[in-house]
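Enquirer: Structure, please.
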Amino acid sequence: MMTFNRKTNEQIARRILEILFRASTKMSVKDVMAQIEPLPEVSNQVMFESAMCSCIPLISAGWVVNSGYYLAISEDGRMAFDEYADAGDLMKAAAQRSTKGWLAFRFPKSYYAAAKAKDQVVAEIRAARRISFRQLTSTLKGSTRSWKKALPIQLPRRIALSECKSGVSLIDFLKQSGIPLSEGGHAIFVPPSSFKSVFRSFAADYPTTVGLKILKEPGLANQTNYVVQAAKGDSKLHLNSIHKHEHLTLVANLLYSKGLGPRLFDLVEMEWGDQVWTAYVIEAITGGTPSMAQCEEGIGRLRQLDESGILTVSPPEGFDDAEFGCPDCDRNALVTEEGKFQYIDFQNFLLTGYGSYLKKTAMQATDASHFGDSSVFRGGNYLYQTVPGVNLPGKRSIDDRRRVLQRLLDEADASVKERLVLDIGCNIGMMMGQYLQMGAKWVHGWDRGHVTPHTEKLLLSLGCTRFSTTGTDITESSDLLGDIPKFLYPSLDGCAISYLAVRGHIGWLKALESIPWLFLIYEGHEDESRKDFEEYLTEFKSSIGCTVAAVEEYVDGDSDTRTLAILRRTS
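Expert: Here you go, the predicted structure:
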């Protein structure tokens, strides 16, 4: 129930005009509200609603100019501010200049309620125009599209925070700690320095340039929304259409792939007492606010992406929304130190033609790799191995490979969960993705220089974030340790090696002797017999002590019989 009255409106209206009078340019509604001192016993929500109602007579009188979510004072408004020092006189004079202004002044509660209902209807109509019928119904009723069911293949990482303080929520703890952080409407951002100082062990698992974007309301990633509470005028269609956190990782990865957003490194669920908080581990952009030219160029590229049909802007006003207004896009636009435009609020986009984008990405990766072909019996192009969410046949089944691998890992009492995996000969990254789905802490892969860019792009399109690659021609003397990012060094002890169908191409690498791995996942080639495997294993054991913890011959897809084994290191 609203409790603001005419007297409250008069005081707020005078203050709004004063703020705009002293400003050198237009201001966002959010920035104006930040400068209005709270009134005794008046809640923030009532203050906001009262301010919006107070603006109506000022705008109708032509004293305040409203453009989207921005306000500015006109020349007539400056004259009125000088003429009417008393807040009551100011509002009476403004109200006399229009019927709208008079109604808002005389009946603030009734007029605001009617205006709010009208705004809601308008917002819903705009949202329906922005969001296609097909997209809307699939979002609200549950899509049958394969990519929505299959992606992302990487699951959120669960972190138990040892810093937990009893009786204090995570957000309150961070605010009370005095560390630098920034707060938005739905999340707070903990910058790299604060991330490392407060959550030292957790932050050590990622590059030093990342921060933590934590949602303000607790809940699991698959059970909560990015936007929990609607504000005035928010479209319910729009809010209901916003992707869940797991699909927002696809949006973030897409923007990064197109050079328009920061790198997302993880979606995590943090245990804090008996609550779980969802957060994004994301690259911090430190170059500041873009210039008008930089912003307009960046928004132009976002428009092109919208027009391509891969995604669409979700706010009902589209690119006219304040969140796309240059130069700062309501603090959503930043630039890197090199001056590169970055849009940081990925929840403002919906994936539309993502299935086609995913299929194109998979085919480009296959063309660039050393596998894949075409066949009239397969209906044209086919992949070396199937790609989750892509309706194309493959010679090898990624699902079959994972099932057999999981069975052998269980038999060997081994797991990749919370472990670094080094994938030597990763090809286009499909097994890297499977290791991440199985809970790997991080996966680093090696393949040829012309393959790994496609590996990264395909993994990003599948919703993977905890990975890195090295593009090089691998030889038996290759220095693998020198290729691994430095922040991964503490995780090397007890890591896992993935050595799938590569021994015939590169032999046994010398670097395997110096890497402190715990177990190695070995897969033979199609023409490799069990006897061949035993001979190759004897050769391997001559330099590295290990035992066969589990072994099996299996067939996946159209592939011939292969040997899969888990080798556990003994020295």
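Enquirer: Check Thr139 and give its pLDDT.
Expert: The predicted local distance difference test score for Thr139 is 47.
Enquirer: My error: substitute Leu212 in the last question.
Expert: As predicted, Leu212 sits at a pLDDT of 97.
Enquirer: Over to Ser291?
Expert: Turning to Ser291, the model gives it a pLDDT of 97.
Enquirer: now it: how far from Lys486?
Expert: Taken as CB to CB, to the nearest Å, the spacing of Ser291 relative to Lys486 amounts to 34 Å. Glycine gets a C-beta too; all of them are placed from N, C-alpha and C.
Enquirer: Looking at these two, which has the bigger crowd around it?
Expert: Neighbours were counted for Ser291 and for Lys486 using other CB atoms under 10 Å; Ser291 has more, 14 against 8.
Enquirer: What sits closest to Asp266 if chain neighbours are left out?
Expert: Nearest residue to Asp266, sequence neighbours excluded (CB to CB, 6 or more residues apart in numbering): Val281, at 4.0 Å.
Enquirer: helix/strand/coil for that neighbour?
Expert: The local conformation at Val281, judged by DSSP: H, G, I helix; E, B strand; the rest coil, is strand.
Enquirer: Which residue or residues pair with it through a beta bridge?
Expert: Leu212, Asp266 (DSSP bridges).
Enquirer: try Arg562
Expert: Arg562 forms beta bridges with Tyr554, as assigned by DSSP bridges.
Enquirer: Check the one 5 residues further on too.
Expert: The residues paired with Leu567 through beta bridges, assigned by DSSP bridges, are Leu520, Val548.
Enquirer: I'd guessed it sits against Leu518; true?
Expert: No: look at Leu567 against Leu518 with CB atoms under 8 Å: they stay out of range, at 10.1 Å.
Enquirer: What lies in contact with stretch 519-536?
Expert: Taking CB atoms under 8 Å, 6 or more residues apart in numbering as the criterion, the residues outside stretch 519-536 that touch it are 405, 412, 414, 496-501, 503-504, 508, 512, 546, 549, 551, 553, 559-569.
Enquirer: okay, now Gly504: neighbour count?
Expert: Counted with other CB under 10 Å, residues neighbouring Gly504 total 13.
Enquirer: what do you get for Gly288?
Expert: For Gly288, the number of neighbouring residues by other CB under 10 Å comes to 12.
Enquirer: Next: Arg530.
Expert: Arg530 sits with 11 neighbouring residues when counted by other CB under 10 Å.
Enquirer: Any figure for the gap between the residue nearest to Met438 when sequence neighbours are not counted and Val443?
Expert: The shortest distance from Met438 to any residue other than its chain neighbours is 5.2 Å, reached at Val416 (CB to CB, 6+ apart). Taken as CB to CB, the spacing of Val416 relative to Val443 amounts to 9 Å.
Enquirer: And Gly433, by the same measure?
Expert: Here Gly433 is placed at a distance of 8 Å from Val443 (CB to CB).
Enquirer: and what of Gly318?
Expert: Summarising the geometry, the distance separating Gly318 from Val443, computed by CB to CB, is 38 Å.
Enquirer: same check, this time on Ile56
Expert: Summarising the geometry, the distance separating Ile56 from Val443, computed by CB to CB, is 56 Å.
Enquirer: And for Tyr226?
Expert: Tyr226 sits 27 Å away from Val443, going by CB to CB.
Enquirer: do Thr469 as well
Expert: Distance, Thr469 to Val443, using CB to CB: 9 Å.
Enquirer: Comparing those two, which residue is more hemmed in?
Expert: Shown here are Thr469 and Val443; by other CB under 10 Å, Val443 has more neighbours (28 against 22).
Enquirer: can you pull the contacts of that one?
Expert: Remark: with contacts taken as CB under 8 Å, 6+ apart, Val443 is in contact with 420-423, 432, 435-436, 466-468.
Enquirer: So, low pLDDT: which residues of this protein?
Expert: Confidence mapping of the chain against pLDDT under 70 gives the ranges 1-5, 39-42, 68-69, 108-145, 228-241, 370-382.
Enquirer: about what we covered before: take the contacts of stretch 519-536 and, keeping just the buried ones, write it as a ChimeraX select command.
Expert: Command for ChimeraX, covering only those of the contacts of stretch 519-536 found buried under the criterion 16 or more other CB atoms under 10 Å:
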select :405,412,414,496,497,498,499,500,501,503,508,512,546,549,551,559,562,563,564,565,566,567,568,569
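Enquirer: What helix or strand is the residue lying closest to Ser468 once chain neighbours are set aside located in?
Expert: Nearest in space to Ser468, with sequence neighbours left out and distances taken as CB to CB, 6+ apart, is His444 at 5.0 Å. Secondary structure assigned from DSSP states H and E places His444 in strand 442-447.
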